[in-house]
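Colleague: Got a predicted model here, sequence first, then my questions.
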Number of protein chains: 2
Amino acid sequence: MIHSDKTHISQDQELRQVEEKKFLLSEPFKLENGELSSLEIAYESYGSLNQERTNCILLCHALTGDHHAAGYHEGDEKPGWWNHLIGPGKPIDTNIFFVVCSNCLGACGGSTGPASKSFDDTSKIYGMGFPDFTIKDMIRAQKALLDFLEVNNIEAVIGGSMGGMQALQWIVEFPEFVQKALVIAATSRHSAQTIAFNEVGRRSIQGDPLWNKGDYSQGSGPDIGLAVARMMAHITYLSDEGMEDKFGRDQPIDSTHNFEFKVESYLDHQGKKFVDRFDANTYIKLTKALDRFDLVGDQGLDNSLSHVKSKVLVIAFTSDWLYTPEQNKEIVNAMLRIGKDASYLELDHKHGHDSFLINSPDFLRTVSAFLIGKTEEDKKEKRNSGSTHSRYDVKKEADFKIIDDWVEPSSKVLDLGCGKGALLEYLRDTKDVFGLGVDYDLNKATSCVARGVTVCQEDIRKVLSNLKDNSFDWVIFSRMVEELEEPGKVILEALRVGKRVAISFVNYSYWKNRYRFLRSGVRIRNEVYPDPWETSKLRNYFSVRDFELFCKDMRTEKIEFSIGRKVFHRGDWVKTCKFLPNLRAGLAIYELIKK
Amino acid sequence: MIHSDKTHISQDQELRQVEEKKFLLSEPFKLENGELSSLEIAYESYGSLNQERTNCILLCHALTGDHHAAGYHEGDEKPGWWNHLIGPGKPIDTNIFFVVCSNCLGACGGSTGPASKSFDDTSKIYGMGFPDFTIKDMIRAQKALLDFLEVNNIEAVIGGSMGGMQALQWIVEFPEFVQKALVIAATSRHSAQTIAFNEVGRRSIQGDPLWNKGDYSQGSGPDIGLAVARMMAHITYLSDEGMEDKFGRDQPIDSTHNFEFKVESYLDHQGKKFVDRFDANTYIKLTKALDRFDLVGDQGLDNSLSHVKSKVLVIAFTSDWLYTPEQNKEIVNAMLRIGKDASYLELDHKHGHDSFLINSPDFLRTVSAFLIGKTEEDKKEKRNSGSTHSRYDVKKEADFKIIDDWVEPSSKVLDLGCGKGALLEYLRDTKDVFGLGVDYDLNKATSCVARGVTVCQEDIRKVLSNLKDNSFDWVIFSRMVEELEEPGKVILEALRVGKRVAISFVNYSYWKNRYRFLRSGVRIRNEVYPDPWETSKLRNYFSVRDFELFCKDMRTEKIEFSIGRKVFHRGDWVKTCKFLPNLRAGLAIYELIKK
């Protein structure tokens, strides 16, 4: 049986006539803290399972989300919450993938949870008597569904916010089953501030007399308390700037309503809408599951993640103050410390935590880069450069050939300032090298992701300080040391992390530079120093001799090292030279060997 | 009558036996929206009023604060909320100042407000029937108190948070009456996010059935709703980092209580403590007064502040996300745009908004610098340098003398990268120059404040972009252009803001530099370029000729300018030279004149 979605694909490439399905497990389902006599899971799927049953993508929804992720239910005007991402030809391409999204265990959108009738004889609503479920319980329920669907292996698990935590739990719990994990705007555990907001929300519900210790009937629950909880939580999903743009006091407000400020009317609307679709006990139990989720625990994050085998991409949003970029980075940092394949991208969106729900070209591009790889444009770029040039992708990468000669097969290479990842892609493809690239530019880092090159979009000092001693065979600085403040410190850090360091740089004291400076007394300008003083970035130019003096002086430092091979290119960057390199070299490439 | 505080000063220099006083205005008091038949104000004072009745400092408290700012009430173990700042020898020095702090109108600490009995025959509690009072009403009530105390003029009004908004309203409303204003962690109006949090707090109170539309008797009010509002608000007073340090999940929790996380127990405690001392209707009315405070309004902030005459210092805290550094800066930016005397300092504290209540050496130093001026240490520094050196404060300020020659008396001077403000202090003292300094270093900027030099602790690009065309006679770059990325743009901006620009710089192509570079091929190192490459900051060195080429090329730009006077110092930075400056000058000083 090959599962195929009966969803119609309309001419405008949107999923039409999407339907909810149900999976009933009529046997006891064990939870971390209890057991359910039966379990029902509501889900949707889009696209078809392939013959090998390996093209499944599992989507995990957020706290108050549900399984209607994409397409239109019959008669609906609004599509599912991630419709811009899912569909034929979209980043989560239903022409390629079989996409499954289930309402998570414990939620109130159709799966068994506190608001469901229990499966025993009484058929009473569970209410607060529902076991305290966890994120782990959620993903085990998803696994049961995938077993029922006879999925052998999932191509990717994807989730934002609570969904991101589920994705993390998946790769910890079922390391062999998941090829890739896309974790978006998530955290390995809640901060004190986040727990505080959740607790205030719970207290608001529990303080409402209609909550009645969780014993209320549908339609007469603690609506006021739940609305206040939702209003407050909603503030944490947005950013200060985003709110100001939409609800700032300069925005006109609808005077027919009794509100003084636009944001008051917006929050009121959010609160009212929420109590119509969500259950208070479920909200209490779900937020507790989030607060208790803790991959750090007593053992530490590195330990929790030690069995992970999936390729991971974590995406954070700059303005997200609920699950901050720092918290997202912690996940990647832990994985990189223990040698896992984890990439990090940070998108500068202003919508706060909810940015992961917003349709934006760069977000779409990152998801597509991770799931599908190079775009047509990327490939075109390669073809163009390939036709005019050597076996290397990038023009003028004169130092790449030398570094390629030096790096042994199957080594681990850290490329600081990796650009679009051409070198690491080449080393991987020809020498089975595991590379980690670092580049602070989102576009370049996204290109790395598209090439399948592991990348951290982060300051190189921070990446270095996180990595363990000797965790790489090579650390490469390809013509970027000039951009570093106090470069000596950074090079010593690289020597701590790597066994060898390769540094290529433009030799500032090349004879033409010296002669011109003597004669004219103006800043050097040529192909490699193209800008006049007034439009220059700040730089730290240096010469072959500066570098050798540094190496000599640094021998007294804690980290002992020596200069290994060195190659000097002449002014044309093609022919090499051996004698008088400080005068004759245009480009220098050094190998530093740690003792 | 000279007002004198009867407070005893104990040997440990703490204010003991502080007492609350009451001022009753037995006549109608007009509010912006209504009238009170009488008005009672509770207050405290510390120190004595001088003969001229001009040494009064008025303190304004925050939303849930009160008038017990300093010292100990008889038998109390804990002193007032700003005791670390107020007292003999402290930054708000009661040996010098007569300090007054009143419970603000509309609060519930002893002054007339929603929780008071009305003065009419019924003697009923006002409750929600109390008029909707404003920040302006608060400061008018304070003015009535000061009139009663026969204060002629206040040396300074000081306030943090809501107190800072009162201080702003003071200088707008009574410009002649206030010498200085110290505005701490405040805003000119609430952002949408802040209104949103306040609204959720109000909704929580109003959703509690015991609120009963504001009609409750003492002891049986909406405690649950008020506690939830307080718990939530408390999160906004702290920072994520500060909470993590104190209540992170690694912190042990007291297991005798029924809390899972430490932060839950902390919030519970805060909520409970608050309902014992605060009134719910007062909380609703006070937060509304804050939400309605708006110095921007339809007219814009510049207009609202146009009559200000006080010297203003705004202090913000980096981790404050309630009234962010950006919001605090907006106040200063508006004042600087319209030529007012406003300084800005930003302290890198991690306690969030509540940082203004924390005892920290740098905060104490900034307050003391603003109120009292130079410390003994500052003066000592001056004496030491004065004895060995010229009339200038700072060693080696070779360019200061030239710039001093150029600047006409009574001009307006913007000094970008002003350091400790020595030049501007000197120009003010000798030539009555109004100076604005800009320096990104807190210590240097605080020294400026102590010298009475107006200063903005901010990036110079941002300061420039805020200022109007031709608003300064001179803009000065004293040996700091080398530190700028794309310096040409910044110089053109300076030419927009100033009529003339003075630029001093070290001439990179000084003949010894050229010769040494030719000969040795290493980076230049000498007194002015002290660091070897490996420990260097990023720089943008340039020469006399680079600069002149830039001036020539830029003549085609929108802003037309010409080179006026120029002075070249030889390598010793003392003797001048005229011929072949690109070769012979060690230091160059240029005047640029806008056409």
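Modeller: Great, that's in hand.
Colleague: The residue lying closest to A:Val263 once chain neighbours are set aside: neighbouring residues, count only.
Modeller: Of all residues not flanking A:Val263 in the chain, A:Phe247 sits nearest, at 3.8 Å (Cβ to Cβ, 6 or more residues apart in numbering or on different chains). (C-beta placed from N, C-alpha, C; glycine too.) A:Phe247 has 23 neighbouring residues, counting by other Cβ atoms under 10 Å in any protein chain shown.
Colleague: before we move on, what about A:Lys594?
Modeller: 17.
Colleague: For it, give the beta-bridge partners.
Modeller: Applying DSSP bridges to A:Lys594 gives these bridge partners: A:Phe561.
Colleague: What spatial separation is found between it and A:Leu495?
Modeller: For A:Lys594, the distance to A:Leu495 equals 5 Å [Cβ to Cβ, to the nearest Å].
Colleague: Find the residues that touch each one of the two.
Modeller: With contacts taken as Cβ atoms under 8 Å, 6 or more residues apart in numbering or on different chains, A:Lys594 and A:Leu495 have A:Val501, A:Ile559, A:Phe561 as neighbours in common.
Colleague: Name the member of those with the most neighbours.
Modeller: Each of the shared contacts of A:Lys594 and A:Leu495 was scored for neighbours by other Cβ under 10 Å, and A:Val501 scores highest at 25 neighbours.
Colleague: For it, which non-adjacent residue is spatially closest?
Modeller: That would be A:Leu592: by Cβ to Cβ, 6+ apart, it lies 4.3 Å from A:Val501.
Colleague: residue of the stretch 351-500 of chain A with the smallest distance to chain B?
Modeller: A:Gly488 (2.8 Å; Cβ to the nearest Cβ).
Colleague: what's downstream of the helix or strand that residue falls within, the next helix or strand?
Modeller: Assigning secondary structure by DSSP states H and E places A:Gly488 in helix A:487-497. Toward the C-terminus, helix A:487-497 is succeeded by strand A:498-506 as the next helix or strand (DSSP H and E).
Colleague: the domain parsing of chain A - what is it?
Modeller: A:194-292, A:378-594 (automatic domain parsing).
Colleague: Could you dump these into a markdown table with mean pLDDT and distance to A:His353 added?
Modeller: As requested, the domains of chain A are exported to a markdown table (pLDDT from 0 to 100; distance: least, Cβ to Cβ, whole Å):
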| stretch | mean pLDDT | distance to A:His353 |
| --- | --- | --- |
| domain A:194-292 | 94 | 5 |
| domain A:378-594 | 90 | 19 |
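Colleague: which residues sit in contact with the residue nearest the centre of chain A?
Modeller: With distances taken as Cα atoms, centre = their mean, the residue of chain A nearest its centroid is A:Val314 (1.7 Å). Contacts here follow Cβ under 8 Å, 6+ apart; on that basis A:Val314 touches A:Gly164, A:Val183, A:Ile184, A:Ala186, A:Asn328, A:Lys329, A:Ile331, A:Val332, A:Ala342, A:Ser343, A:Tyr344, A:Leu345.
Colleague: Quick check: nearest residue in space to A:Gln251, chain neighbours excluded?
Modeller: With Cβ to Cβ, 6+ apart as the measure, A:Lys262 is the residue that lies nearest to A:Gln251, at 4.8 Å, once sequence neighbours are left out.
Colleague: could you measure the one you found against A:Ile224, distance?
Modeller: 22 Å.
Colleague: So which of these two has more stuff around it?
Modeller: Comparing A:Lys262 with A:Ile224 by neighbour count (other Cβ under 10 Å), the higher total belongs to A:Ile224, at 24 against 21.
Colleague: My guess is the more buried one contacts A:Asp208. True?
Modeller: Yes - contact status for A:Ile224 versus A:Asp208: in contact at 5.4 Å, counting by Cβ atoms under 8 Å.
Colleague: Are there residues contacting both of the two? Which ones?
Modeller: The contact sets of A:Ile224 and A:Asp208 overlap at B:Gly207 (Cβ under 8 Å, 6+ apart).
Colleague: How many residues are close by the closest residue to A:Leu210 other than its chain neighbours?
Modeller: Ranked by Cβ to Cβ, 6+ apart and with sequence neighbours excluded, the top spatial neighbour of A:Leu210 is A:Pro222, at 4.4 Å. The number of residues packed near A:Pro222 is 26, by other Cβ under 10 Å.
Colleague: how about A:Pro222, what does it touch?
Modeller: Contacts for A:Pro222 (Cβ under 8 Å, 6+ apart) come out as A:Ile205, A:Gln206, A:Asp208, A:Pro209, A:Leu210, A:Trp211, A:Asn212, A:Tyr216, A:Ala280.
Colleague: The most far-flung residue of chain A relative to its centre and chain B, how far apart?
Modeller: Distance to the chain centre peaks in chain A at A:Arg519, reaching 52.5 Å (criterion: Cα atoms, centre = their mean). In this view, A:Arg519 and chain B are 9 Å apart by Cβ to the nearest Cβ, to the nearest Å.
Colleague: repeat for A:Gly65
Modeller: With Cβ to the nearest Cβ as the criterion, A:Gly65 and chain B are 22 Å apart.
Colleague: In three-state terms, label that residue for me.
Modeller: Following DSSP: H, G, I helix; E, B strand; the rest coil, A:Gly65 is assigned to coil.
Colleague: residues near the closest residue to it other than its chain neighbours, how many?
Modeller: Residue nearest to A:Gly65 in three dimensions, not counting chain neighbours: A:Trp81, with 5.9 Å by Cβ to Cβ, 6+ apart. Burial of A:Trp81 is recorded as 20 neighbouring residues (other Cβ under 10 Å).
Colleague: who touches A:Trp81 in this structure?
Modeller: Taking Cβ under 8 Å, 6+ apart as the definition, contacts of A:Trp81 comprise A:His61, A:Gly65, A:Asp66, A:His68, A:Ala69, A:Leu357.
Colleague: Next, find the distance separating the residue farthest from the centre of chain A from B:Tyr508.
Modeller: Taken as Cβ to Cβ, the span from A:Arg519 to B:Tyr508 is 15 Å.
Colleague: Quick check: beta-bridge partners of A:His73?
Modeller: A:Val18.
Colleague: In stretch A:357-372, which residues are buried?
Modeller: Within stretch A:357-372, the residues that count as buried by 16 or more other Cβ atoms under 10 Å in any protein chain shown are A:Leu357, A:Phe363, A:Arg365, A:Thr366, A:Val367, A:Ser368, A:Ala369, A:Phe370, A:Leu371.
Colleague: Turn those residues into JSON lines, columns for secondary structure.
Modeller: Shown next, in JSON lines, are those (three-state DSSP):
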{"residue": "A:Leu357", "secondary structure": "helix"}
{"residue": "A:Phe363", "secondary structure": "helix"}
{"residue": "A:Arg365", "secondary structure": "helix"}
{"residue": "A:Thr366", "secondary structure": "helix"}
{"residue": "A:Val367", "secondary structure": "helix"}
{"residue": "A:Ser368", "secondary structure": "helix"}
{"residue": "A:Ala369", "secondary structure": "helix"}
{"residue": "A:Phe370", "secondary structure": "helix"}
{"residue": "A:Leu371", "secondary structure": "helix"}
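Colleague: Now distance to B:Phe434 and pLDDT too, for those, in a markdown table please.
Modeller: Shown next, in a markdown table, are the buried residues of stretch A:357-372 (distance: Cβ to Cβ, whole Å; pLDDT from 0 to 100):
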| residue | distance to B:Phe434 | pLDDT |
| --- | --- | --- |
| A:Leu357 | 51 | 97 |
| A:Phe363 | 50 | 98 |
| A:Arg365 | 52 | 97 |
| A:Thr366 | 51 | 98 |
| A:Val367 | 55 | 98 |
| A:Ser368 | 57 | 97 |
| A:Ala369 | 55 | 98 |
| A:Phe370 | 57 | 98 |
| A:Leu371 | 61 | 98 |
